[in-house]
Structure formats: structure tokens, C-alpha cells
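Student: Okay, predicted coordinates and the sequence, questions at the end:
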Amino acid sequence: MKPTWKPHEKHGELSGRRDLPDSVFAFPKQRKEPLTDAKHVRNAIARFDQTIDVADADRELAFANIQEAAQHYGVDMTETDWTQLGRSPHTGRTAEDRRESARKAAETRKTGQRDA
């Protein structure tokens, strides 16, 4: 799949995520995982399997975008396919545990509730 990612190097103060163009996100349609520097690229790689409510085609595009951004920012990637991301969790948690945690976090964001 052809990536849609383009580097974004706007100068000055950004007031937030909403100022970023869709082209800087790994998941541009959902505006998830901004890829604005090497730190964000590494974060997108680490959290790839935690992204919920996206189709496999969206994941394929996101992976292509992450690869493009990784090359631009000099981040080494050993994965060659999106299905390889998240297969070796470092926390000892199962994939189901991570999915459940991601689902709960998304629900919390939607409702604006936080644990006291």
C-alpha cells in the first residue's frame, strides 16, 4: 500500500492536535498516532496493536505511513508487515488483556470520566 504520510514542519506554536494535517497521522482517517518526530514514530510502533476501531486496510495504510516516517526520522524498524507489530509484548500481558485495556481507555476518553 502506498503511504500517505508527509513530514510536517510548521514553525511556531501549535495549539494542539487539531492543527495537524491528516497527512501526519499513521491512521489519517481516524487521526490517530501522529508521526511528527522520531519519538512519536517509536510510540506508534509500540502502541500499534492497542489501536482499536480500525479495519485491517487502515492498519495496512498506517504501517506504510509508519515505515515512511521511520525512514524520514531515522528510526530502525525490523518489522516488514503490520501483523508483526505487537506479537511480542514486553509486559507479560496477553493480547486480550491489552485489547480490553485499550477498549476501557477509549471508553473513558469518550465519556470524559477518570478514576478518582
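Tutor: Yep, it's here.
Student: List the contacts of residue 47.
Tutor: Counting by Cβ atoms under 8 Å, 6 or more residues apart in numbering, residue 47 touches residue 33. From N, CA and C alone the C-beta is placed, and that goes for glycine too.
Student: host element of it?
Tutor: Assigned by DSSP states H and E, residue 47 belongs to helix 38-47.
Student: Show me what counts as buried in that helix.
Tutor: Within helix 38-47, the residues scored as buried using 16 or more other Cβ atoms under 10 Å are 40, 41, 42, 44, 45, 47.
Student: from the residues you listed, which single one is nearest residue 110?
Tutor: Comparing the buried residues of helix 38-47 against residue 110 with Cβ to Cβ places residue 47 closest, at 18.1 Å.
Student: Check the gap between the closest one and residue 19 for me.
Tutor: 22 Å (Cβ to Cβ, to the nearest Å).
Student: got it, and residue 72?
Tutor: 20 Å.
Student: out of these two, which sits in the more crowded spot?
Tutor: Taking other Cβ atoms under 10 Å, residue 72 and residue 19 do not tie; residue 72 has more neighbours (15 against 11).
Student: Just to be sure, the more buried one is in a helix?
Tutor: Yes - counting by DSSP: H, G, I helix; E, B strand; the rest coil, residue 72 is found in a helix.
Student: And the helix-or-strand element of the chain with minimal mean pLDDT, how far out from the chain middle?
Tutor: Across the helices and strands of the chain, mean pLDDT, DSSP states H and E gives its lowest value to helix 95-111, namely a mean of 77. On the basis of Cα atoms, centre = their mean, to the nearest Å, helix 95-111 sits 15 Å off its chain's mean C-alpha point.
Student: Let me know the angle separating that helix from helix 38-47.
Tutor: Here helix 95-111 runs at an angle of 120 degrees relative to helix 38-47 (axes from the mean of the first three to the mean of the last three Cα atoms, to 10 degrees).
Student: Flag the shaky bits of the chain, pLDDT-wise.
Tutor: Of all residues in the chain, those with pLDDT under 70 make up the ranges 10-16, 86-94, 112-116.
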